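> Show me how the following folds:
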Amino acid sequence: MGALCNHDKLSSFTSAHDRRFSKHVHDNVHGNIYLDPLFMKFIDTEEFQRLRDLKQLGVAHMVYPGAVHSRFEHSLGVYWLAGEAVHKLQAYQGLELGIDPFDIQTVKLAGLLHDVGHGPFSHTFEQAFLPQVLNGSKWSHEEMSLKMIDHIVDEHNIEIDSESLKKTKEMVVAGSEYASSESMKEKRFLYDIVANGRNGIDVDKFDYIVRDSRACGLGCNFEFRRLLETMRVIDDEICYRAKEYLTIHKLFATRADLHRTVYMHAKVKAIELMVIDALLKANDHLKISSFIDQPAEYWKLDDSILKTIETAPDQELKESRDLILRIRRRDLYQFCNEFSVPKDRLEHFKDITPQDIICSQKNSSITLKEDDVSVSNVRINLTRGRNNPLESIKFFKDFESDEKFPIQDDRISHLLPAGYEDRIVRVYSKKPELVEAVSEAFENFQLKTYRMKAQVHDTPEKKKRRSFQIWR
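As a prediction, this is how the structure comes out:
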């Protein structure tokens, strides 16, 4: 890995504000994005270009056709907003905070590379596929991003100051369990720009909330620029004007709405469940999970793995091929019903399994097997589990004041939510002819567990009749 001498370091910083040395791309969310030479060295690598083949929203485009944007453009967006944020702070408080060109370069590079270790199919690969094949071992895309960054620097002989590289990596994982409090003692506020582990407000969310809403054809009235314009650092923490409380609430509410409407859409989850099953059945033959061991192999893994399975003639992949063909022909796992976990049961709730459902079967002419049922345990919150994320955010009165303080919901409005997390249990039948049997078992489970039907309504008779007709 190369190290820059002081002269080279100064040259790279100087060019950061001179667009003669920059390339620009036109982004459909942020307009012109200018890319300085150092960042182009990372972008023009096969490892970073891989992000073009990772759809930002996984399989959501099969329900929302416009959602075909990739992690490549999202990464460019986060890079740009990270630069905008740190430049705003430098313009307003640069002398006071000691923000220098080194800090600006580091924050922007963290924004560019924050998702370089992401797996295929959004979070499905990491959260649903890998846990079933790794036998308890933990893996995260944040940790993989650190390995990929080192790999890119070494593989392509990118000359970058070692301290800048170290801080870039620390900023990438600042919002995860891999964050090091020891490394964030100096200029702690810089670590909250890309991945904010302190209160969840970061430019990563700014970009994907607006970008995802636009791609899916949904309205978005969250104005992130208001926050960029009015944020201020007090006691090493980014704080916001008190009058922007509802703007910040709108950030978290819009994110939760996207989860409910798009990311966790019942049909999207049905397709995800089928993709997971296809990957699990193909794993022994293709060794998909082994790609995560080495960055030199990992960069070859992207969403095209489905096409690899679909077009391979190998007999060992027949079951996986059949599942993918069902997705293509819209013969999906059938959504039977769902219920929202009662509020008084949230604290001790444990994920429901297919075993729980089939064990609730009573008198039926059909005996369900565990492989006939799929369960999706959906969690939707405002980023802090059952807690209000706004309680960890600090505000200030106006730009004349140096005092920071929290704000309680009830001091602003009594219309804001009293709860901050939903847990939804959805049950799917893998075969259309079993919808009625699975639906009845699911109802029995609710009666046994909650002494009532927690679902809003019964499974539509149309679905049950269809299953009866197929069964006959």
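> Verify the stated contact: residue 227 with residue 248.
Yes: using CB atoms under 8 Å, residue 227 is in contact with residue 248, at 7.0 Å. C-beta here means a position set from N, CA and C on the backbone, and glycine is covered the same way.
> Overlap of the contact sets of these two?
201, 240 (CB atoms under 8 Å, 6 or more residues apart in numbering).
> Could you check how far the residue nearest the centre of the chain is from residue 275?
Taking CA atoms, centre = their mean as the criterion, residue 123 is the residue nearest the geometric centre of the chain, at 6.0 Å. Distance, residue 123 to residue 275, using CB to CB, to the nearest Å: 12 Å.
> so which strand or helix has residue 356?
Assigned by DSSP states H and E, residue 356 belongs to helix 354-358.
> which secondary structure elements does that helix contact?
strand 373-381, helix 435-450 (3 or more CB pairs under 8 Å, 6 or more residues apart in numbering; DSSP states H and E).
> mean confidence score for the shortest one?
Right, the one you point to is strand 373-381. Model confidence over strand 373-381, given as mean pLDDT, is 96.
> Same question for stretch 430-448.
In this model, stretch 430-448 carries a mean pLDDT of 96.
> how about it: buried residues?
430-446 (16 or more other CB atoms under 10 Å).
> Return the distance of that stretch from the chain's centre.
In terms of CA atoms, centre = their mean, to the nearest Å, the centre of stretch 430-448 is set 31 Å apart from its chain centre.
> now stretch 158-175
Computed by CA atoms, centre = their mean, the chain-centroid distance of stretch 158-175 equals 21 Å.
> quick one: the strands in the stretch 351-472 of the chain?
373-381, 395-396, 421-429 (DSSP state E, counting those that start in this stretch).
> Relative to residue 317, how far out is the residue lying closest to residue 300 once chain neighbours are set aside?
In space, and not counting its chain neighbours, residue 300 is closest to residue 291: 6.8 Å by CB to CB, 6 or more residues apart in numbering. As judged by CB to CB, residue 291 and residue 317 stand 16 Å apart.
> any chance you could map the strands in the chain?
23-27, 31-35, 232-234, 237-241, 334-340, 373-381, 395-396, 421-429 (DSSP state E).
> mind showing which ranges of this structure have poor pLDDT?
Judged by pLDDT under 70, the chain has its weakly predicted residues at 1-18, 181-184, 414-415, 465-472.
> So in it, which helix runs the longest?
Longest helix in the chain, counting residues (DSSP state H): helix 71-97.
> From the chain's centroid, how far away is that one?
Mean-position distance between helix 71-97 and its chain equals 21 Å (CA atoms, centre = their mean).
> Buried residues, it. List them.
Going by 16+ other CB under 10 Å, helix 71-97 has these buried residues: 71-90, 93-94, 97.
> Compute the inter-axis angle for it and strand 23-27.
With axes from the mean of the first three to the mean of the last three CA atoms, to 10 degrees applied, the angle from helix 71-97 to strand 23-27 works out at 110 degrees.
> Packing partners of helix 71-97?
Looks like helix 71-97 contacts strand 23-27, strand 31-35, helix 46-49, helix 101-113, helix 203-215, helix 224-230, strand 232-234 (3+ CB pairs under 8 Å, 6+ apart).
> if we go to 6 Å?
The contact analysis (3 or more CB pairs under 6 Å, 6 or more residues apart in numbering; DSSP states H and E) places helix 71-97 against helix 101-113, helix 203-215.
> Alpha carbons of the first one, as PDB, please.
Translated: helix 101-113. In PDB, the C-alpha atoms belonging to helix 101-113 read as follows (Å, rounded to 0.1, in the frame of the first residue of the first chain):
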ATOM      1  CA  PRO A 101      -8.600  19.200   3.800                       C
ATOM      2  CA  PHE A 102      -7.500  15.900   5.300                       C
ATOM      3  CA  ASP A 103     -10.900  15.600   7.200                       C
ATOM      4  CA  ILE A 104     -12.900  16.500   4.000                       C
ATOM      5  CA  GLN A 105     -11.100  13.800   1.900                       C
ATOM      6  CA  THR A 106     -11.600  11.200   4.600                       C
ATOM      7  CA  VAL A 107     -15.300  11.800   5.100                       C
ATOM      8  CA  LYS A 108     -16.000  11.800   1.400                       C
ATOM      9  CA  LEU A 109     -14.000   8.600   0.900                       C
ATOM     10  CA  ALA A 110     -16.000   6.900   3.700                       C
ATOM     11  CA  GLY A 111     -19.200   8.000   2.000                       C
ATOM     12  CA  LEU A 112     -18.000   6.500  -1.300                       C
ATOM     13  CA  LEU A 113     -16.900   3.200   0.100                       C
END
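> Now it: buried residues?
Within helix 101-113, the residues that qualify as buried are 103, 104, 105, 106, 107, 108, 109, 110, 111, 112, 113, counting by 16+ other CB under 10 Å.
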